[in-house]
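Novice: Generate coordinates for the sequence data below:
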Amino acid sequence: MMKICVIHGPNLNLLGTREPDIYGHDTFDELNKKIKDRARQLDVEIRIFQSNSEGEIIDMIQQAMDWADGIIINPGAYTHYSYAIRDALAAVRLPITEVHLTNVHNREEWRRVSVISPVTTAQIVGFGTNGYLLALDGMRSFVEESHR
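Specialist: As a prediction, this is how the structure comes out:
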């Protein structure tokens with residue numbers, strides 16, 4: 001069975017209450033339920049992790065190297081400046097999809113820069129919480145095709 005690690009970065013635990021006009025009304029628990037439901041439909045084992053701490057995110061990325069077939073990550077604000085997370089992602093040599101709830105490319109200038117994307121397989125932006133579902137679909141297809 002394919003195994004995918006989903007990592008939520010800082011402030012994602014506040015979904016539904018944090019600026020819902022920007023980030024949507026789905027709560028963090030509702031998002032995780034959607035992810036688990038889609039993973040079940042795809043016959044994918046999923047592990048979901050959230051942290052506001054850069055070091056804990058790096059630890060999870062490194063742990064995923066031992067068991068996961070791919071990583072889906074929303075690094076939150078770390079997207080724009082965490083070379084440590086970028087280096088951890090590069091080191092694990094797994095397919096990685098970067099997800100953002102909003103279209104970061106049409107927001108503030110500083111949000112348009114991702115130090116993460118150069119080491120990812122794909123980037124999904126602007127689809128709200130459904131971006132995670134698209135990432136799961138895409139990751140499953142990508143991993144299956146790469147193992148042929």
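
Novice: hmm, who's touching the helix or strand bottoming out on mean pLDDT in the chain?
Specialist: Here the helix or strand of the chain ranked lowest by mean pLDDT, DSSP states H and E is helix 20-23, holding a mean of 71. Helix 20-23 is contacted from outside by 15, 101-102, 128, using C-beta atoms under 8 Å, 6 or more residues apart in numbering. C-beta: built from backbone N, CA, C; applies to glycine.

Novice: What's the first helix or strand after it?
Specialist: Downstream of helix 20-23, the next assigned helix or strand under DSSP states H and E is helix 28-42.

Novice: Packing partners of that next one?
Specialist: Secondary-structure packing of helix 28-42 (3 or more C-beta pairs under 8 Å, 6 or more residues apart in numbering; DSSP states H and E): strand 2-8, strand 44-50, helix 130-146.

Novice: Okay, buried residues for it please.
Specialist: Neighbour-count burial for helix 28-42, with 16 or more other C-beta atoms under 10 Å as criterion, is recorded at 28, 31-32, 34-35, 38-39, 42.

Novice: picking that back up, among the helices and strands packed on helix 28-42, which is the most enclosed?
Specialist: strand 2-8 (a mean of 23; mean count of other C-beta atoms under 10 Å).
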